[in-house]
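J.: sequence plus predicted model, see below.
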Amino acid sequence: MTVMINWLAFLQVFAAALVGAAAVVTSYAFGLRLLVRSGRAPVVTPAEFTDAITVISEKEARRAAKQAAKAAKKNPLTEAQKRLSLYGAYACFAICAAAVIAGILIIVIGH
């Protein structure tokens with residue numbers, strides 16, 4: 001019994017996975033950048049877990065929120081530019097979600 005590997009098909013799948021992963025990561029990073037430019041920096045408060053180490057303290061979280069608010073006040077963009085950046089960020093996140101959903105559908109449907 002001989003197993004034949006179609007190397008061309010293997011390379012096509014590898015290239016598609018590499019390009020797809022790079023596109024999703026780039027779109028997500030660009031979306032985060034646009035979100036910060038719109039004055040809505042994502043500040044995440046530390047989660048409380050039992051038997052786990054908290055990554056940042058409440059004091060550090062308050063300081064980060066204060067710095068984000070200060071940076072938002074110093075933003076040189078007009079309100080229209082901030083709104084456009086926010087819509088661009090949402091569009092980038094939508095592209096990420098669509099790519100993930102399309103990948104899941106391709107796996108489930110099998111085409």
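T.: All right, it came through fine.

J.: buried ones in the helix or strand of the chain with the lowest mean pLDDT?
T.: Within the chain, no helix or strand scores below helix 58-73, which has a mean of 80 by mean pLDDT, DSSP states H and E. For helix 58-73, the neighbour count (16 or more other Cβ atoms under 10 Å) marks residue 61 as buried. The way it works is simple: take the backbone N, C-alpha and C, and place the C-beta from them, glycine included.

J.: same thing with stretch 13-28?
T.: Quick answer for stretch 13-28 (16+ other Cβ under 10 Å): 24, 27-28.

J.: where along this structure do the strands fall?
T.: Counting by DSSP state E, the chain has no strands to list.

J.: which residue lies farthest from the center of it?
T.: Ranking residues of the chain by C-alpha distance from their mean position (Cα atoms, centre = their mean) puts residue 1 at the top, at 46.1 Å.

J.: contacts for stretch 68-78?
T.: For stretch 68-78, the surrounding residues in contact (Cβ atoms under 8 Å, 6 or more residues apart in numbering) are 37-41, 43, 82, 85.

J.: so among these, where is pLDDT lowest?
T.: Within the set of these, pLDDT is lowest for residue 43 (67).
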